[in-house]
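J.: My questions are about this predicted structure, shown below with the sequence.
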Amino acid sequence: MKGVIGKIVIISLFVCGLTLVLFQTALAAEPILITTKAVTLRADATTGSSHIETIAADVELVVISHDPSPEGWTRVNHNKFEGYVKSEYLTLPEREGSVTFRTTSGVNLRVAPSADALIIRTISSDTDVEVLEHEPPPNGWSRISFNGYEGYVRSVFLAMRVPSAQQSEIAFSDQMSAVSEIFDIPVSLSEEPDWDELDSSDGSDSWELTEDRERAIGNAVIDGEVELLHRSDVRNTVKAGMTIEIIDITTGITFNLRASSVGSHIDSEPITQADTDALFEASGGEWSWVARPVWAIIDGRVYAAALPARPHAGNTVSGNGMNGHLCLHFDETTAKNKSYEADLRRAVTEAWEASV
């Protein structure tokens, strides 16, 4: 009995210590840049993408990815919104110490912030350097420290080194598995989907199509032919500002969405509070990333589509009782997260097959 208690105590101390180390590492490694002027947070890395919010000058943003090139965008998180800001409007906050960046190409380390200054040495591409002072690209210079040398390089060749949260999770899982092997005690590790490429999620949703949902499909009724709209044809079929009538196939509930931005899928929003209420009722009284099979009526034609009922990022419609927008997907849609992509395609197929 004493031996078992001793193992439990040792495991508890080990896990607590490991968790503390990982937590402190995550806090210390959190990459921060600050706005140099009021900036627009956008849904994608283009000036024509949806406006999420305006961020004032001197606001700290958590960096997810950083592109310092002349036309580069930085993916950031602010107030639980995730989006893109032009890199030229971001710099390091004034703090003691240095921040790790990496070189994006071979660069010259110079004694002064000038292309005419004496070269100290050349630093190869994808090398970590410690940035002491930073001016935004494309014209700014950064004072750095590297291998005992200190000098200046063009900021356009420095990208913030963003730590991978996924690596920390893998390391933690490996350590916990080692605990299990050492003490011959099973350790349960919960595995969640890769949510990194989704806009947001608590990871509680399931991608599995249950039998209940299979039996429910077909409650909706539509007159006329249901078509498949390929993702490459979405932009030619739908224009921003158009009204789209949605029929939720599982429940038969209908509501209207307005197209706010159109690409290979449609960023859309309920037009009125009543539309939001109907959407929320159709989704079972909860927001979920699980794609719902729907029919989308666009300019008198009916298309099979997938609609994850999960508001996210920015919005353009006010007074509809919903913060954020919804993504409406069509045939052969794609996503960086392959589990998410498979679920979207599954929903489009269900919507198509329900019309046959």
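T.: Structure received.
J.: only C-alpha atoms for contact and neighbour calcs from this point on.
T.: Noted.
J.: Buried residues in stretch 65-85, which are they?
T.: Neighbour-count burial for stretch 65-85 flags 65-70, 72-77, 81-85 (criterion: 16 or more other C-alpha atoms under 10 Å).
J.: same question but for stretch 98-109, I mixed them up
T.: Neighbour-count burial for stretch 98-109, with 16+ other C-alpha under 10 Å as criterion, is recorded at 99, 100, 101, 102, 103, 104, 107, 108, 109.
J.: Now tabulate these in JSON lines and tack on secondary structure and distance to residue 254.
T.: Conversion of the buried residues of stretch 98-109 to JSON lines gives the following (DSSP: H, G, I helix; E, B strand; the rest coil; distance: C-alpha to C-alpha, whole Å):
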{"residue": "99", "secondary structure": "strand", "distance to residue 254": "52"}
{"residue": "100", "secondary structure": "strand", "distance to residue 254": "51"}
{"residue": "101", "secondary structure": "strand", "distance to residue 254": "50"}
{"residue": "102", "secondary structure": "strand", "distance to residue 254": "51"}
{"residue": "103", "secondary structure": "strand", "distance to residue 254": "52"}
{"residue": "104", "secondary structure": "coil", "distance to residue 254": "50"}
{"residue": "107", "secondary structure": "strand", "distance to residue 254": "58"}
{"residue": "108", "secondary structure": "strand", "distance to residue 254": "61"}
{"residue": "109", "secondary structure": "strand", "distance to residue 254": "62"}
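J.: Most widely separated two among the residues you listed?
T.: 99 and 108 (19.1 Å; C-alpha to C-alpha).
J.: worst-scoring helix or strand of this structure, pLDDT-wise?
T.: None of the helices or strands of the chain scores lower by mean pLDDT, DSSP states H and E than helix 211-216, at a mean of 38.
J.: right, and the helix or strand after that helix?
T.: Sequence-wise, the next helix or strand downstream of helix 211-216 (DSSP states H and E) is strand 226-227.
J.: Which elements pack onto that next one?
T.: Here strand 226-227 touches strand 301-308, going by 3 or more C-alpha pairs under 8 Å, 6 or more residues apart in numbering; DSSP states H and E.
J.: quick check: mean pLDDT across the strand it packs on?
T.: Taken as a whole, strand 301-308 carries a mean pLDDT of 94.
J.: tell me what it is packed against?
T.: Applying 3+ C-alpha pairs under 8 Å, 6+ apart, we find strand 301-308 packed against strand 226-227, strand 291-298, strand 326-328, helix 338-353.
J.: what bits of the stretch 151-300 of the chain have low per-residue confidence?
T.: Within the stretch 151-300 of the chain, the stretches with pLDDT under 70 are 163-224.
J.: need the helices for it, in chain order.
T.: If DSSP state H, counting those that start in this stretch is used as the criterion, the helices of the stretch 151-300 of the chain fall at 165-183, 211-216, 234-237, 273-282.
J.: What are the buried residues along the third one?
T.: To tie it back to what came earlier, the one meant is helix 234-237. Within helix 234-237, the residues that qualify as buried are residue 234, counting by 16+ other C-alpha under 10 Å.
J.: Contacts for that helix, please.
T.: Helix 234-237 has contacts (C-alpha atoms under 8 Å, 6 or more residues apart in numbering) with 262, 263, 264, 265, 266, 330.
J.: Return the two entries of those that lie farthest from one another.
T.: 262 and 330 (12.0 Å).
J.: Looking at the two, which has the bigger crowd around it?
T.: Neighbour count, other C-alpha atoms under 10 Å: between residue 262 and residue 330, residue 330 has more, with 27 against 21.
J.: Tell me who's in contact with the more buried one.
T.: Applying C-alpha under 8 Å, 6+ apart, the residues near residue 330 are 228, 229, 230, 231, 234, 265, 303, 304, 305, 306, 345, 348.
J.: Show the buried residues in these.
T.: 228, 229, 231, 234, 265, 303, 304, 305, 306, 345, 348.
J.: thought the fifth one was touching residue 328?
T.: Yes: with contacts defined as C-alpha atoms under 8 Å, residue 265 counts as touching residue 328 at a distance of 5.8 Å.
J.: What is the neighbour count of the residue nearest to residue 37 when sequence neighbours are not counted?
T.: Leaving aside its sequence neighbours, residue 37 sits nearest to residue 57 (C-alpha to C-alpha, 6 or more residues apart in numbering; 4.1 Å). Residue 57 has 14 neighbouring residues, counting by other C-alpha under 10 Å.
J.: Tell me who's in contact with residue 57.
T.: 34, 35, 36, 37, 38, 39.
J.: just residue 120 next, same as before
T.: Contacts of residue 120 (C-alpha under 8 Å, 6+ apart): 108, 109, 110, 111, 151.
J.: and if you look at residue 333?
T.: By C-alpha under 8 Å, 6+ apart, the contact set of residue 333 is 230, 231, 264, 265, 341, 344, 345.
J.: next one: phi and psi at it?
T.: As for residue 333, its main-chain torsions (degrees, to the nearest 10) stand at phi -60, psi 160.
J.: Over to residue 150?
T.: Dihedral angles of residue 150 (phi, psi; degrees, to the nearest 10) stand at phi -130, psi 130.
J.: picking that back up, make CSV out of the buried residues of stretch 98-109 and add pLDDT and distance to residue 257.
T.: Listed next are those as CSV, based on pLDDT from 0 to 100; distance: C-alpha to C-alpha, whole Å:
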residue, pLDDT, distance to residue 257
99, 86, 44
100, 89, 44
101, 90, 43
102, 90, 44
103, 91, 45
104, 87, 42
107, 90, 50
108, 92, 53
109, 93, 54
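J.: How much space separates residue 73 from residue 156?
T.: 12 Å (C-alpha to C-alpha, to the nearest Å).
J.: Nice, that's everything, thank you.
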